[in-house]
Structures are given as C-alpha cells and as structure tokens.
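*Asks:* structure of the sequence below:
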Amino acid sequence: MVVIIIVLAIALVLFTAFGMPSANAGTAMQAIKDKYRIPAIKYGVLYGIPFDIILAMIQQESSGNPLAKGSIGERGLMQLTPPALQDVNAKYKLGFSFDDMYDAEKNIQAGTAYLAICRAYFYGDLQKAIQAYNAGMGTVSKNPQASIAYYNSVMDKKNYA
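*Replies:* Numbering: from 1, shown residues only. Purely as a prediction, here's the structure:
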C-alpha cells in the first residue's frame with residue numbers, strides 16, 4: 001500500500017513538472033515556471049513546501065532574476081539575507097556562502113529551506129511562514145497582520161504557477 005502511494009505521488013510530481021503548457025504561456029510567471037519548476041519541485045518535496053508557492057515567491061522576490069540584489073542586502077531569486085542563510089546553514093548543514101546565493105539552484109534550496117524553518121516556527125502555518133519570510137518571525141509573532149499584503153501577493157502569483 002505504501003509503495004502504491006509513493007508511486008502515485010511520484011507520478012503526480014512528474015505529470016505536474018512535465019505537463020502541458022498552461023494558457024498563461026508567455027507571461028513572466030510562465031517563464032519562471034518553465035525555468036525553475038524542476039528545482040522548485042525538488043526542494044519543495046525535500047522541505048515540505050508546495051512548489052507553486054516557491055515559484056510564486058521567486059516571482060514576488062526577484063521577478064525571476066537570479067542576480068537580483070535587495071535594498072538591505074538580499075540576494076538572488078528568493079532574496080535571502082545573511083541572517084536567513086545563517087539559519088539555513090545552521091539547521092541543514094548546507095555550507096552555502098552568501099556569494100552562492102547568486103546560483104539559482106542553491107538559492108532556491110536555501111530559500112525553500114528558510115521558508116520551512118519559518119513554517120516550523122509557526123507550527124506548520126504556511127500563511128504565517130510566508131509572512132515571516134518577508135517581515136521576520138519575531139515581527140509576525142508580535143503582529144499577526146504584519147506583511148499580510150505580501151502574503152496576498154504571493155497567493156495571487158501562486159494561482160498562475
């Protein structure tokens with residue numbers, strides 16, 4: 001029974017990854033989906049985060065630019081900060097340098113791992129995790145409405161992933 005469930009889950013992932021192009025072909029979100037779907041699925045499965053959320057966050061954070069730089073030092077597709085990367089390296093022993101955040105694959109892995117850390121902090125609450133990814137875990141703990149607009153924007157983009 002367990003084997004059948006695993007096989008079905010793998011089949012679903014493969015169908016999702018290699019399925020027919022969506023009606024949104026040619027859009028910015030479609031370009032991100034085409035380019036980063038495989039690592040989003042891979043790290044989504046590894047860290048327990050839905051791949052469409054990862055793709056939506058890539059669109060939200062960097063518009064798909066792996067060399068994006070943020071105003072407070074964030075880097076790459078998922079705009080990791082040095083403290084977030086330190087948390088990821090401490091928990092998952094990845095050993096990534098901050099310069100590695102310009103590598104798309106490593107950035108997606110680190111960003112997804114950080115979102116998983118946020119999710120665990122909020123006992124599995126993905127909405128609060130997404131808000132915390134943007135505003136910080138302490139901020140969202142003190143003010144549950146912090147970064148709600150960010151969350152809503154990610155959810156809007158998710159619908160196109």
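*Asks:* which residues of this protein score low on pLDDT?
*Replies:* Counting by pLDDT under 70, the chain shows low-confidence ranges at 1-26, 160-161.
*Asks:* ranges for the helices of it?
*Replies:* Per DSSP state H, the chain carries helices over the ranges 2-18, 28-47, 51-62, 82-92, 104-121, 126-135, 137-142, 148-158.
*Asks:* so what touches the fifth one?
*Replies:* The reference is to helix 104-121. Contacting residues not belonging to helix 104-121 are listed as 36, 39-40, 43-44, 46-49, 53-54, 57-58, 61, 66, 75-80, 84-85, 87-88, 91-92, 94, 96, 100-101, 125-126, 128-130, 132-133, 137 [Cβ atoms under 8 Å, 6 or more residues apart in numbering]. For the C-beta atoms, the positions are set from N, CA and C on the backbone; glycine is no exception.
*Asks:* rewinding a little: now the helices of the chain as TSV including mean neighbour count and distance to Gly70?
*Replies:* Putting the helices of the chain into TSV (neighbours: other Cβ atoms under 10 Å; distance: least, Cβ to Cβ, whole Å) gives the following:
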stretch	mean neighbour count	distance to Gly70
helix 2-18	10	29
helix 28-47	19	18
helix 51-62	24	8
helix 82-92	16	11
helix 104-121	22	12
helix 126-135	22	11
helix 137-142	15	17
helix 148-158	17	13
